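J.: this one's structure only:
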């Protein structure tokens, strides 16, 4: 019974993180990365591309999200925390989990 309760709590935590990640993505990431993760502007990476940004480790992606990214030859930079300084590392991890579940090559549509 305890194992079932723990599994239910973990499932609820995963669902919360995914919902939270989606909410933050909609607010802070969608304008540049688009509703399908394909990127809406020149120079914005396509999350759905094999060998694209989601082929990097969580640690590398988290660092990029925390610090921001300026890609050579691309005039617009991604600001730290997607431009929302109130986001925590836990928030950014939730966004990363949402992006991986939603847009990684082979992810269910």
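T.: Arrived safely, thanks for sending. This is a predicted model, so every value here is computed, not measured.
J.: could you point out which element follows the lowest-mean-pLDDT helix or strand in the chain?
T.: Sorting the helices and strands of the chain by mean pLDDT, DSSP states H and E puts helix 2-24 at the bottom, at a mean of 64. Note on helix 2-24: by DSSP states H and E, the next helix or strand toward the C-terminus is helix 30-33.
J.: for that next one, packing partners?
T.: Helices and strands in packing contact with helix 30-33 are not found; criterion 3 or more Cβ pairs under 8 Å, 6 or more residues apart in numbering; DSSP states H and E. No exception for glycine: its C-beta is placed from N, CA and C like everyone else's.
J.: quick check: buried residues in it?
T.: 32, 33 (16 or more other Cβ atoms under 10 Å).
J.: beyond that helix, next helix or strand please.
T.: helix 58-67.
J.: so residue 54 is in contact with residue 47, correct?
T.: Yes - counting by Cβ atoms under 8 Å, residue 54 touches residue 47, with 5.5 Å between them.
J.: so what sits against both of those two?
T.: 99, 103, 104 (Cβ atoms under 8 Å, 6 or more residues apart in numbering).
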